[in-house]
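Participant: Have a look at this fold, sequence not included:
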């Protein structure tokens, strides 16, 4: 099941890259980050918190809307749970609004709509879940900008998804999972990546 989920994840990220191709000459950045993924509410009965990672491409609007970026990306988390495999994957698109753009410390808020894949194998004591569903997130963060073309960042997000349903005899069980994400990573500007690619 993990191989199947990972294949879907890679295919979705490839699709996101293709969709982003028309923006190849835009200004913006590519972010890569680690995630601490913590379930809250009812989904916490079935999975524990775990670690994962993600990437997002952010496209700036410097002339029309300084500080506003539009993004597309994906997250993958291998959830820990008792005697079962559990994976969480999502692709998302949304916007980020930064403040104090000329400062070293730049706070921001962001929000996204997402397509979410949950996959949990069943045990004798717990039902199996496997489904795609819609979702959203909203969060706050802080860019650390000591360099011009490469920055660090940290943030916190609330995530909500819908339509997770049990399989087989447990098909009457439906959950709308909720999570907190704490994350941190590195952002590379498109200009930095172009220089690196050109050698």
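Facilitator: In hand now; what should we look at? All of these numbers come straight from a predicted model, not from anything done at the bench. Residues are numbered from 1 along each chain as shown.
Participant: all contacts plus neighbour counts: C-alpha atoms, from now on.
Facilitator: Fine.
Participant: Okay, and the beta partners of residue 35?
Facilitator: When bridges are called by DSSP bridges, residue 35 pairs up with residue 52, residue 183.
Participant: That one contacts residue 157, correct?
Facilitator: No - Residue 35 is beyond contact range of residue 157, at 10.2 Å (criterion: C-alpha atoms under 8 Å).
Participant: For residue 119, which non-adjacent residue is spatially closest?
Facilitator: residue 130 (4.3 Å; C-alpha to C-alpha, 6 or more residues apart in numbering).
Participant: For residue 185, give me its contacts.
Facilitator: 31, 32, 33, 34, 152, 153, 154 (C-alpha atoms under 8 Å, 6 or more residues apart in numbering).
Participant: Switch these over to CSV; also include distance to residue 87 and pLDDT.
Facilitator: Formatted as CSV, the contacts of residue 185 follow (distance: C-alpha to C-alpha, whole Å; pLDDT from 0 to 100):
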residue, distance to residue 87, pLDDT
31, 22, 92
32, 19, 94
33, 18, 95
34, 16, 95
152, 27, 91
153, 25, 94
154, 23, 96
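Participant: Closest one of those to residue 69?
Facilitator: Proximity of the contacts of residue 185 to residue 69 (C-alpha to C-alpha) peaks at residue 31, which lies at 12.6 Å.
Participant: Does that closest one touch residue 57 like I think?
Facilitator: Yes - here residue 31 reaches residue 57: they are 6.3 Å apart, a contact under C-alpha under 8 Å.
Participant: Between those two, which is the more surrounded one?
Facilitator: With neighbours defined as other C-alpha atoms under 10 Å, residue 31 and residue 57 compare such that residue 57 has more, 24 against 21.
Participant: where does the chain have low pLDDT?
Facilitator: 1-26, 62, 80-84, 101-103, 122-127, 146-149, 169-170, 192-199 (pLDDT under 70).
Participant: how about a cut-off of 90?
Facilitator: 1-29, 41-50, 60-68, 78-88, 98-106, 118-133, 143-151, 163-175, 188-199 (pLDDT under 90).
Participant: quick one: the strands in it?
Facilitator: With DSSP state E, the ranges of strands along the chain come out as 28-40, 50-60, 68-79, 86-98, 105-120, 129-144, 150-161, 164-165, 174-175, 178-189.
Participant: Taking the centroid of the protein, which residue is nearest it?
Facilitator: residue 75 (3.7 Å; C-alpha atoms, centre = their mean).
Participant: Can you name the residues bridging to that one?
Facilitator: Applying DSSP bridges to residue 75 gives these bridge partners: residue 54, residue 90.
Participant: Would you confirm that it contacts residue 53?
Facilitator: Yes - Residue 75 lies in contact with residue 53 (C-alpha under 8 Å); the separation is 5.8 Å.
Participant: Wait, residue 116 touches residue 134, no?
Facilitator: Yes - between residue 116 and residue 134 a contact is recorded at 5.9 Å, counting by C-alpha under 8 Å.
Participant: Between those two, which contacts overlap?
Facilitator: Contacts common to residue 116 and residue 134, judged by C-alpha under 8 Å, 6+ apart, are residue 161.
Participant: which one of the two has more residues nearby?
Facilitator: Between residue 116 and residue 134, residue 116 has the larger neighbour count (other C-alpha under 10 Å), namely 24 against 18.
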